[in-house]
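Participant: sequence below, structure please.
(2 chains)
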Amino acid sequence: MATATFQVWRGDEAGGSLREYKAEVGEGMVVLDVIHQIQATQAPDMAVRWNCKAGKCGSCSAEINGRPRLMCMTRLSTLDLTQPVTVEPMQAFPKVKDLVTDVSWNFRVKRQIKPFRPRTPDAPDGTWRIDQKDVERVQEFRKCIECFLCQDVCHVLREHHKHDQFIGPRFLVYAAALEMHPLDTENRVEELRKAHGVGFCNITKCCTAVCPEEIKITDNAIIPLKERVVDEYYDPIKMFFRFLGGRK
Amino acid sequence: MSDYQSFECDVLVIGAGGAGLRAAIEASAGGVRVICLSKSLLGKAHTVMAEGGVAAAMANVDERDSWKVHFADTMRGGQYVNNPRMAELHARESPARVLELEKWGALFDRTKDGRILQRNFGGHAYPRLAHVGDRTGLEMIRTLQDHGVHQGIDFHMETTVVTLLKDGERVCGALAYDRDRGYFKLYRANAVVLATGGIGRSFQVTSNSWEGTGDGHALAYHAGADLLDMEFVQFHPTGMVWPPSVRGILVTEGVRGEGGVLRNNQGRRFMFDDIPELYRNQTADNEEEGWRYTQGDKSARRPPELLTRDHVARCINREVKAGRGSPHGGVYLDIAWIKQKLPNAAEHIRKKLPSMYHQFKHLADLDITKEPMEVGPTTHYMMGGVRVDADTQMSSVPGLFAAGEVAAGLHGANRLGGNSLSDLIVFGKRAGEYAARFAREHGAAKLDAAKVDAAAKAALAPFERGPAHNPFTLQHELQEMMQRLVGIVRQQEEMEQAIEELQHMKRRVQQVGCAGHRQYNPAWHTCLDLEHMLTVSEAIARAAAERKESRGAHFREDYPEKSKEWGRYNLVVRKAADGSMAVERVPVIEPSAELKQVIEENR
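Facilitator: Below you'll find the model as predicted:
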């Protein structure tokens, strides 16, 4: 078996640095395998989150050679092993320890989005009839595994730290899934414009580029939401009536 | 007393997969204070990995389906050692639980007339699995999670329970640690629901994530509860076998449901060579009929690839052992062949099995629309678990409930695919409902401070022992040993050897330790998980050595036949007064006269 060099960020909220490890590498291995190997043989206290090891749970998010990725889906064969491979925690969230970050903000944000509110069942058996076409549009968004890589890469959060004003791509996808849900009757447009800060997104599409589920975040979720906000708030006729009604 | 963060609630739910979330939602609806603990982050539990679907006799695709057929299928699949009342409740209530998910926002695939679509699966007479492509588990857990966070439940993420606490006979709470920060959390609760999932990490090749260390099984056992059916461990026939790092990862039965076929290295569909008597009437006798079945022809019988998981797994094992396997020790699972039958087959496959396509493409450089996959058995599911009352899900310990994989009874000797997701929501709801009722009726239980301190001290012992003995090494040895000696094909001497080795390992687990501090320290976590894994492994080995026949998932080379005599018993594992592990035969629960008739009608 060949060996390769990995530089893994070790530290906690007070600070840390890259530490170098040699690992044995074999056919088909992914970065998470290397991290586990280092943990089992060289650094038993090295913290890493993981669950499914198949790209389905979104736990093992990290930055590999500077790029936000799932460790379980990053095969070593896609990396240049003649150079050291760096593995670092996500940068958009506070550090806990080693590769583990505090992602609790995401769970708090999600609770602030108005939940699903279905229309009254309309089929005689007390359920709904829904067309497969209407389901498919939303299913793209519901593929999201909440790995938060899109949040990590988004410059509004990563560089400008607008966590209080912008819910980030993940939750715009979530809001889009609710807004476009064929049964949902809630209106989230005002929150999207104000509290959720959809306007902060300037469509650089970095989120789409890193999404392991290949969701077209910007094109299919965020832009339609922006259009809804525009239709609702910047439509001249609606603006006129709002002016008459005295509400902003 | 050491430092604890203290919490009080009426119902403490341990686990936040499908069963835990559903239990927490129901308990909260019962008007009591609920705390739900999650070993990982919310939404990452093993439920998320479930692919094929949730079984519910809604009869949307085939009007001949009904709860009775579903019930009879479940009993047949479980080889009639299931708890018939649980199988009945499950079959009756599952459709309502699935529709409830839709009310909470789940979006299942649709029939042409806009109802929930249902697909074929092994052992189910009719298309019965509501699904979302091949990511049904994700849809379900996300729906429960997103609904649950608005129901007034307190969620404590990355919190692992070390021990259950008792007040006399009754359970009164739990001691846990916070993974992130490392401190202890002390929960006082009037009722506790275990929803901790499975045990797959006790084996080397498994589809389970790191969490499947049998925590709930072991916690319940040490709290004095009965465990049931521990010999029945399901080896799913189709896990990935190559490359090595993904060995064991699940390949959904949905591949076969959509027309995928199994072949050996001679190109033979070997499943046609061995069709059990119990299923002969329901199984196609030629390839063409099998194909028609997968395409919805109601006059056709199902292909032998859709026989129950225990049988398919053994057939694959046999092919490999006979030298007819694929290059990496599996067999071929081919869905690409359907291009001979369907126009746009590649697109069809990507649409019906998107995450399988993705998984093989990314992890194995293989395009499943063009080439066959290599697959082999993987440790997947624990039929055995906490012995519970069918209606209330309460264990033999007052106030301690269990639901989902950690509970036993529904599946008997073998679980049908799709019956797990439905199990979670049917019995999760029941456990939550009755736990809330128990909490209201019984009021506050008292914690014993001395016992709490002792448990905390024991949990910190690995730090005192230091890192000289590595917990990961012992974990790997345990997994290798269980795979080798108590795996898919079993025999007496090997299992006795396993029990012997487990006694050594029980001593060694008292030596493993860790360095560093308590914050997010995987070595420490592994030291503690290992104790649960050893308890569960011993229960499996002892029960398996005791049952001297082959039934369902339990296959013995030295007793290859099913025995009528053994069909009368379930095995209970419990902690004896002297602290040793005792195995006892108990009579199986007889179905009611009405249920017996249902079974007969569906033979």
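
Participant: how about the residue of chain A at minimum distance from chain B: what's its closest non-neighbour residue?
Facilitator: Going by C-beta to the nearest C-beta, chain B is nearest to A:G28 of chain A, at 2.0 Å. (Each C-beta comes from the backbone N, C-alpha and C, glycine too.) For A:G28, ignoring the flanking residues on the chain, the nearest one in space by C-beta to C-beta, 6 or more residues apart in numbering or on different chains is B:P243 at 2.0 Å.

Participant: now do the contacts for that neighbour.
Facilitator: With contact set as C-beta atoms under 8 Å, 6 or more residues apart in numbering or on different chains, B:P243 has these partners: A:27-29, B:363-364.

Participant: just the buried members of the residues you listed?
Facilitator: Buried by 16 or more other C-beta atoms under 10 Å in any protein chain shown: A:28-29, B:363-364, out of the contacts of B:P243.

Participant: tell me the two of these that are most distant?
Facilitator: Using C-beta to C-beta, those span at most 12.1 Å, a distance reached by A:M29 and B:A364.

Participant: which ones are touching the residue of chain A closest to chain B?
Facilitator: A:G28 is in contact with A:75, A:77, B:242-246, B:363-364, counting by C-beta under 8 Å, 6+ apart.

Participant: could you check how far it is from B:R201?
Facilitator: Per C-beta to C-beta, to the nearest Å, A:G28 is found 21 Å from B:R201.

Participant: now do B:T378
Facilitator: Distance of B:T378 to B:R201, given as C-beta to C-beta: 12 Å.

Participant: okay, B:Q266: pLDDT?
Facilitator: pLDDT recorded at B:Q266 is 97.

Participant: helix, strand or coil for it?
Facilitator: Classification of B:Q266 using DSSP: H, G, I helix; E, B strand; the rest coil returns coil.

Participant: any idea how far B:I338 is from it?
Facilitator: For B:Q266, the distance to B:I338 equals 21 Å [C-beta to C-beta].

Participant: do B:E288 as well
Facilitator: Note on B:E288: its distance to B:I338, by C-beta to C-beta, is 13 Å.

Participant: which parts of stretch B:379-391 are buried?
Facilitator: Applying a neighbour-count criterion of 16+ other C-beta under 10 Å, one finds B:379-390 buried in stretch B:379-391.

Participant: which one of the residues you listed is nearest chain A?
Facilitator: Checking the buried residues of stretch B:379-391 against chain A with C-beta to the nearest C-beta, the nearest one is B:H380 at 13.3 Å.

Participant: the closest residue in space to that closest one that isn't next to it in sequence bridge partners, please.
Facilitator: Spatial nearest neighbour of B:H380, chain neighbours left out: B:H236 (3.5 Å); criterion: C-beta to C-beta, 6+ apart. Taking DSSP bridges as the rule, B:H236 bridges to B:T378.

Participant: ok, now which ones touch B:H236?
Facilitator: Contacts of B:H236 by C-beta under 8 Å, 6+ apart are B:207, B:250, B:253, B:309, B:313, B:377-381.

Participant: B:G214 too?
Facilitator: Listed by C-beta under 8 Å, 6+ apart, the contact set of B:G214 reads B:196, B:198-199, B:201-202, B:382, B:532-533, B:535-536.

Participant: from those residues, pick the one nearest B:S592.
Facilitator: Nearest to B:S592 among the contacts of B:G214, with distances taken as C-beta to C-beta, is B:M382, at 27.1 Å.

Participant: surely the closest one meets B:E231?
Facilitator: No: the pair B:M382 and B:E231 does not pass the contact test of C-beta atoms under 8 Å, sitting 10.5 Å apart.

Participant: of the contacts of B:G214, just the buried ones, PyMOL syntax please.
Facilitator: To isolate the buried ones among the contacts of B:G214 in PyMOL, judged by 16+ other C-beta under 10 Å, type:
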select buried, chain B and resi 196+198+199+201+202+382+532+533+535+536
